[in-house]
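[1] task: produce atomic coordinates for the following.
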Amino acid sequence: MDGAAEATTHGGLLLTRGHPGAVAAIAHAVRSERPPHALLVVGPRGVGKTTLALDLAAGLLCAADDPAARPCRACPACRKVAAGNHPDLHLVEPEGAGEQIRIAQVQQLISELALTAMEGRFRVAVVTAAHRLNLDAQNALLKTLEEPGPATCLVLCADDSAALLPTVLSRAVRLRMAPLAIETLVQLLVAEGWAEASQARALALASGGRPGTARTLSGRPEAVLARARIGRTLLSLVTADRRARLAAAADLVADAALVDAAMRGAVASSAARLEPVERRRAVLVIIDAWRELGRDLAVAASGASGDGRGVRDLDQLEELLALGRCVDRPALHAFLDRLDRLMLAIDGYANPELTLDHLLLAWPRAVDPASRRVA
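    Numbering: from 1, shown residues only. Below you'll find the predicted structure:
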């Protein structure tokens, strides 16, 4: 099914692509005019969480008479949602050097949601990067999550729900959005005109199966190359010694900063002049790439991918299969678990450079299958 067909199958013109389950859930909420009072959309950055949240907002605020035709994308309400200036749509994003969502922002949102809708049938709030809500902000939001008031829908978009309090999680309906299969995203990028067939696979791999990231990177070929270099460097370090691993950190950060800047539509700073927040984001990009590579290496190590089935990065298939035969599988799985924990730690202000050094040294090394000694 192509993107245009999927967008209209469930009724209105939805912009979310490649997530039929999530699209169906949102379309049902729009048609029934009974959305959850609090919805938590969880998935990695760039997978389409905010697009889905705005699809829901557009559908709930659309002025079309037939609920099945919402959002129509043509009425004044839909155009205002697209422009970000609908008076009944409230967007909350991280602010400041620490990229936090603070209690003052939440208090302002609560005041706005207490008012009657000005133009639409609902008031809709979308909190992007909800995992960046600090503890005071999360606690301030609890009463509104539990009793948001009539005709109010609050959508939290979070990269990882582990950063949210259990009391927040218990008050919201959860909807998970996973990265797309690489081939699915390749077809989508070509069908939507974001890339030629020859470029689509590189984009799909560089984005880790996330449509939003792929679209952002489509006009930044240097970032796609940098993302590929990160994967190749990390794979080469499986057989490297301690000194070589630590020496690779600077180049990894430089490439990751370029990728991060591209995803934000910004110009990359030189590696020597990165601000602390840029270094943190760069290390998160490296960890994200590591998770993708580690997954492929784990598939290769399982022995079930002799024909490449299940491996995403087919450009490195030969190396993955070779190293998969001599990597310690329990150590690899433990390392992947550690990546998830340290990604949250960096979001919580762990030192990104020290964290990267720690991971470089902990990255499982190839062992001789016969002697079980490090190769």
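[2] run a quick neighbour tally on the closest residue to residue 329 other than its chain neighbours.
    Distances taken as CB to CB, 6 or more residues apart in numbering put residue 301 closest to residue 329, at 5.0 Å, once the chain neighbours are dropped. (Each C-beta comes from the backbone N, C-alpha and C, glycine too.) Applying the criterion other CB atoms under 10 Å, we find 21 residues in the vicinity of residue 301.
[3] any idea how far residue 244 is from residue 301?
    22 Å (CB to CB, to the nearest Å).
[4] now do residue 84
    Residue 84 is 48 Å from residue 244, where distance means CB to CB.
[5] for residue 63, which non-adjacent residue is spatially closest?
    Distances taken as CB to CB, 6+ apart place residue 75 nearest to residue 63, at 4.2 Å, with adjacent residues excluded.
[6] the one you found: neighbour count?
    Neighbours around residue 75, by other CB under 10 Å: 17.
[7] what helix or strand does residue 112 sit in?
    In the assignment (DSSP states H and E), residue 112 maps to helix 103-113.
[8] can you name every helix or strand that the following helix or strand past that helix contacts?
    For helix 103-113, the following helix or strand on the C-terminal side (DSSP H and E) is strand 123-127. The criterion is 3 or more CB pairs under 8 Å, 6 or more residues apart in numbering; DSSP states H and E, and the helices and strands that strand 123-127 contacts are helix 49-61, strand 89-92, helix 103-113, strand 152-158.
[9] what about 6 Å?
    If you count contacts as 3 or more CB pairs under 6 Å, 6 or more residues apart in numbering; DSSP states H and E, strand 123-127 packs onto helix 49-61, strand 89-92, strand 152-158.
[10] need those in CSV with mean pLDDT and distance to residue 16, can you?
    Shown next, in CSV, are the helices and strands packed on strand 123-127 (pLDDT from 0 to 100; distance: least, CB to CB, whole Å):
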stretch, mean pLDDT, distance to residue 16
helix 49-61, 96, 5
strand 89-92, 96, 17
strand 152-158, 96, 12
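[11] so which of these is nearest residue 22?
    In terms of CB to CB, the element of the helices and strands packed on strand 123-127 nearest to residue 22 is helix 49-61, at 5.6 Å.
[12] domains of this structure?
    According to automatic domain parsing, the chain comprises the domains 3-176, 220-362.
[13] how far off strand 152-158 does the helix holding residue 112 point, in degrees?
    Angle between the axes of helix 103-113 and strand 152-158 is 150 degrees (criterion: axes from the mean of the first three to the mean of the last three CA atoms, to 10 degrees).
[14] show me which positions of helix 103-113 end up buried.
    Residues 103, 105, 106, 109, 110, 113 are the ones in helix 103-113 that count as buried (16 or more other CB atoms under 10 Å).
[15] tilt between it and strand 123-127?
    Orientation of helix 103-113 against strand 123-127 (the same axes, to 10 degrees) gives an angle of 160 degrees.
[16] show me where the protein dips below the pLDDT cut-off.
    When residues are selected by pLDDT under 70, those of the chain lie in 1-12, 304-308, 348-349, 368-375.
[17] centre-most residue in it?
    Nearest to the mean C-alpha position of the chain, by CA atoms, centre = their mean, lies residue 45 at 1.5 Å.
[18] which ones are touching it?
    residue 159 (CB atoms under 6 Å, 6 or more residues apart in numbering).
[19] now it: phi and psi?
    Residue 45 adopts backbone torsions of phi -60, psi 140, taken as degrees, to the nearest 10.
[20] how much space separates it from residue 159?
    With distances taken as CB to CB, residue 45 is found 5 Å from residue 159.
[21] repeat for residue 36
    Distance of residue 36 to residue 159, computed by CB to CB: 20 Å.
[22] more crowded one of the two?
    Just comparing residue 36 and residue 159: by other CB under 10 Å the higher neighbour count belongs to residue 159, 22 against 17.
[23] residue contacts, that one?
    Contacts of residue 159 by CB under 6 Å, 6+ apart are 44, 45, 131.
[24] what about 10 Å?
    Shown in contact with residue 159 (CB atoms under 10 Å, 6 or more residues apart in numbering): 42-47, 49, 129-132, 284, 288, 343-344, 347.
[25] check residue 185 too.
    Residues near residue 185 by CB under 10 Å, 6+ apart: 17-18, 179, 194, 200-201, 203-205, 207-211, 213-214.
[26] next one: the helix or strand in which it is found to chain centre, how far?
    Here residue 185 sits within helix 182-191, counting by DSSP H and E. Put simply, helix 182-191 sits 18 Å off its chain's centre (CA atoms, centre = their mean, to the nearest Å).
[27] next one: stretch 118-127
    Counting by CA atoms, centre = their mean, stretch 118-127 is centred 25 Å from the centre of its parent chain.
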